[in-house]
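Chemist: Sequence plus predicted model, see below.
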Amino acid sequence: MAENSAALTGRERTFARDEIIVSKTDTKGRLIYTNQTFLQVADYTEAEVIGQPHSMIRHPDMPRCVFKLLWDTISEGRELFAYVVNRTKFGDHYWVLAHVTPTFDEDGKTIKGYHSNRRVPNPGSLEIIKPLYAELKAEEDRHSNRKDGMNAAYQMLLDKLAEAGMEYDEFILSI
């Protein structure tokens, strides 16, 4: 199954404020657990997602540089908060505030997977995130080489954070 190629519908999905979307992956980002809220919001069955890359719900408008930041952070054993737009099986989209953490082995030092809890985002925060992500995505798309584009947008993001005097988490939690 892997990547979702459903045509985008432009319809936004939501979920209740008291619901939490939960997923767990192995160290390669393959889904090993999803809760019912994940399945309901994303329009998948458990059989369709287990063993698949978490990126199967990636929305094409989501800047890849944010995922670079996410993977760089969690692979170092640190947590990250991030706003993410995802795509459902049928092409709708939904925004989340994700809290992604590494899961450690019994020794407390070896990462054995990752855990993500996603909540309904603050609409006011999205008014700041959407134009930022559009700018980052435009920078990515401006380059013919995808890796060069991602790296250029990543540097743009780091420059904006440095200008604000904040780490990404601080920025996300401040808006």
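Modeler: Alright, I've got the coordinates.

Chemist: and the nearest residue to residue 56 once chain neighbours are set aside, how far is that from residue 60?
Modeler: Leaving aside its chain neighbours, residue 56 sits nearest to residue 4 (5.4 Å; criterion: Cβ to Cβ, 6 or more residues apart in numbering). (Each C-beta comes from the backbone N, C-alpha and C, glycine too.) Distance, residue 4 to residue 60, using Cβ to Cβ, to the nearest Å: 9 Å.

Chemist: Mind checking which of the two has more residues around it?
Modeler: Using other Cβ atoms under 10 Å as the criterion, residue 4 and residue 60 rank with residue 4 on top: 21 against 13.

Chemist: Quick check: pLDDT value at residue 150.
Modeler: Per-residue confidence (pLDDT) for residue 150: 97.

Chemist: Then residue 68?
Modeler: At residue 68, the predicted lDDT confidence score is 97.

Chemist: That one - how many residues pack around it?
Modeler: Residue 68 has 16 nearby residues by other Cβ under 10 Å.

Chemist: In which helix or strand does it reside?
Modeler: helix 64-75 (DSSP states H and E).

Chemist: buried set for that helix?
Modeler: Within helix 64-75, the residues that qualify as buried are 64, 65, 66, 67, 68, 69, 70, 73, 74, counting by 16 or more other Cβ atoms under 10 Å.

Chemist: residues in contact with it?
Modeler: 58, 79-80, 82, 84, 100-102, 111, 114, 133, 136, 140, 146, 149-151, 153-154, 156-157, 168 (Cβ atoms under 8 Å, 6 or more residues apart in numbering).

Chemist: If any of those are buried, put those into a ChimeraX selection.
Modeler: Buried residues among the contacts of helix 64-75 (16+ other Cβ under 10 Å), as a ChimeraX selection:
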select :58,80,82,84,100,101,102,114,133,136,140,149,150,151,153,154,156,157,168
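
Chemist: Quick one: distance of stretch 145-160 to the chain centre.
Modeler: Stretch 145-160 sits 17 Å away from the centroid of its parent chain (Cα atoms, centre = their mean, to the nearest Å).
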